[in-house]
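A.B. asks: 3D model of this:
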Amino acid sequence: MRGIIASALGPSAPPDIGLDDELHGLGIDSLTILEIVVRVEQECGIKIGDSEIFEAPLKRVGDLVKLVKAHVENS
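C.D. replies: Numbers count the residues shown, from 1 in each chain. All right, here's what the predicted structure looks like:
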């Protein structure tokens, strides 16, 4: 996940991305979240619905990781 997030952020990515980092503080907006989720879906072979992404309380990197992990475990 860290690698995917860093790749989506490009050169502005911090050297260390932690679970407690706020998405907004990292410069992640709704379009970046979609980009991250698409990359995760491709790498993990899962599908996360767009409505689920926007309805989930995604405030921190850990929230996004939990959402992805739940789908990986259920696939």
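
A.B. asks: Distance from the helix or strand bottoming out on mean pLDDT in the chain to the middle of the chain?
C.D. replies: In the chain, the helix or strand scored least confidently by mean pLDDT, DSSP states H and E is helix 50-55, which has a mean of 84. Its chain's average C-alpha position is 12 Å from that of helix 50-55, according to CA atoms, centre = their mean, to the nearest Å.

A.B. asks: What residues of that helix count as buried?
C.D. replies: Residues I53 are the ones in helix 50-55 that count as buried (16 or more other CB atoms under 10 Å). Just so you know, the C-beta spots here come from the backbone N, C-alpha and C atoms, and that holds for glycine as well.

A.B. asks: which helices and strands does that helix pack with?
C.D. replies: helix 30-44 (3 or more CB pairs under 8 Å, 6 or more residues apart in numbering; DSSP states H and E).

A.B. asks: who touches the helix it packs on?
C.D. replies: Identification of contacts with helix 30-44 by CB atoms under 8 Å, 6 or more residues apart in numbering yields 1, 4-5, 7-9, 23, 28, 46-48, 50, 53-54, 58, 64, 68, 71-72, 75.

A.B. asks: Among those, name the ones in helices.
C.D. replies: Taking DSSP state H as the definition of helices, the contacts of helix 30-44 contribute 4-5, 7-9, 23, 50, 53-54, 64, 68, 71-72.

A.B. asks: Touching, L19 and V65? I think so.
C.D. replies: Yes - between L19 and V65 there is a contact at 6.4 Å, judged by CB atoms under 8 Å.

A.B. asks: which residues are common contacts for those two?
C.D. replies: Common contacts of L19 and V65 (CB under 8 Å, 6+ apart): none found.

A.B. asks: quick revisit: quick check on the ones in helices among the contacts of helix 30-44: which are buried?
C.D. replies: I4, I5, A8, L9, L23, I53, L64, V68, H71.

A.B. asks: what's near enough to touch the first one?
C.D. replies: Contact analysis of I4 by CB under 8 Å, 6+ apart lists I36, R39, V40, E43.
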